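> sequence and predicted model, in that order:
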Amino acid sequence: MRVKKIFTDSQNRKVMEINVLPTKYCTFGCVFCPIGQKGEKTDKAHHFDETEAFLSYLEREIEVEKPDVLFINSMGESFLNSRLEEIVFLAKDKNVKVSLYTNGYLLGYPQFAKVALFCDEISGEIKATTEEDFRKYQRPLEGYTLEEYWKNMIGFRERYKGEFVIYVTLIRGVNDNPDSIGRIKDVITKLDPSRIFVETFEDEKFCKAFGVSAQKLSECSKVILGN
Ligand code: SF4
């Protein structure tokens, strides 16, 4: 748990990026996870003793750095820290906007959606576009389905008034075909995001195995973004 970095975003805002998990805790075990495969696959929020000290540290860091935005982007799924709501309110009480990065599955769970609704910006992700690929490449918890995943994000979006950002990751040989792009477009229409980012893998290891070419990325982006 720590401040990872401070940077200026494309809207010229000072952003403080933080991790609120001691090690990886996530609902998925994606084959291309940049954090690695070690960690706990769970959808239960955990109490971490170190959160107490982290809250005091974060308060001091916010007072010193005075960021415009607190970007919560953890080693996995930030909702799995049972004190996430306190972290969100620590920032909100200091007039700092809160942006929360999540894969989006838990937005369909009332206890987590309640915290997300307090945030100024929430992200969701689109990667696999078939149930088979979802199980094979994103390796979610037992019983999770792609249908439920998208339903969870769409249901949350219908209630959420803040900025909803969607990250689409193109995966070579998996979702870079016309059928998949069509499904991505359909779900994006339902999600009505404020902003969409279409990306592929950047780090060498995963880029080699799963990255699409710059030309493919550009072609698919045009279709997805409709420009
Ligand atoms: S959702 Fe993100 S953090 Fe979780 S396993 Fe997949 S890539 Fe890793």
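Nice, I can see it. Numbering: from 1, shown residues only.

> lowest-pLDDT helix or strand in this structure?
Here the helix or strand of the chain ranked lowest by mean pLDDT, DSSP states H and E is helix 204-210, holding a mean of 87.

> how many other residues sit next to Ile18?
In terms of burial, Ile18 registers 23 neighbours under the definition other CB atoms under 10 Å. Using the backbone N, CA and C atoms, a C-beta is placed for each residue, glycine as well.

> what pLDDT does the residue sitting furthest away from the middle of the chain get?
When each C-alpha in the chain is compared with the mean C-alpha position (CA atoms, centre = their mean), Val64 comes out farthest, at 26.9 Å. Listed pLDDT for Val64 reads 96.

> any low-confidence regions in this protein?
Counting by pLDDT under 70, the chain contains low-confidence ranges at 227.

> check whether Ser99 sits in a helix, strand or coil.
At Ser99 the chain is in strand, as set by DSSP: H, G, I helix; E, B strand; the rest coil.

> and the helices in this structure?
For the chain, the helices defined by DSSP state H occupy 51-65, 84-93, 110-116, 131-133, 146-159, 178-191, 204-210, 214-225.

> of all these, which one is nearest Met1?
Closest to Met1 of the helices of the chain is helix 51-65 (CB to CB; 4.3 Å).

> quick check: closest non-adjacent residue to Ile196.
Closest residue to Ile196 apart from its sequence neighbours, by CB to CB, 6 or more residues apart in numbering: Ile166 at 4.9 Å.

> return the residues in contact with the one you found.
Applying CB atoms under 8 Å, 6 or more residues apart in numbering, one finds that Ile166 lies in contact with Ser123, Gly124, Glu125, Ile126, Ile188, Leu191, Pro193, Arg195, Ile196, Phe197.

> highest neighbour count among the residues you listed?
For the contacts of Ile166, neighbours were counted using other CB under 10 Å, and Ile126 has the most, 27 neighbours in all.

> and the residue nearest the centre of the chain, what does it touch?
Per CA atoms, centre = their mean, the C-alpha nearest to the average position across the chain is that of Thr102, at 2.7 Å. Contact analysis of Thr102 by CB under 8 Å, 6+ apart lists Glu77, Ser78, Phe79, Ala116, Ile122, Ser123, Gly124.

> touching, the last one and Gly104? I think so.
Spelled out, it's Gly124. Yes - because the distance of 3.3 Å satisfies CB atoms under 8 Å, Gly124 is recorded as touching Gly104.

> neighbours around the nearest residue to Val31 once chain neighbours are set aside, how many?
Using CB to CB, 6+ apart and skipping the chain neighbours, the partner closest in space to Val31 is Tyr137 (5.4 Å). Summarising burial for Tyr137: neighbours were counted as other CB under 10 Å, giving 17.

> would you mind confirming that Gly108 is in contact with Phe156?
Yes - because the distance of 6.7 Å satisfies CB under 8 Å, Gly108 is recorded as touching Phe156.

> between the two, point out the one with more neighbours.
A count of neighbours by other CB under 10 Å puts Phe156 above the other of Gly108 and Phe156, at 23 against 17.

> is it true that Asn19 touches Met75?
Yes - the pair Asn19 / Met75 is scored as a contact, 5.6 Å apart, by CB under 8 Å.
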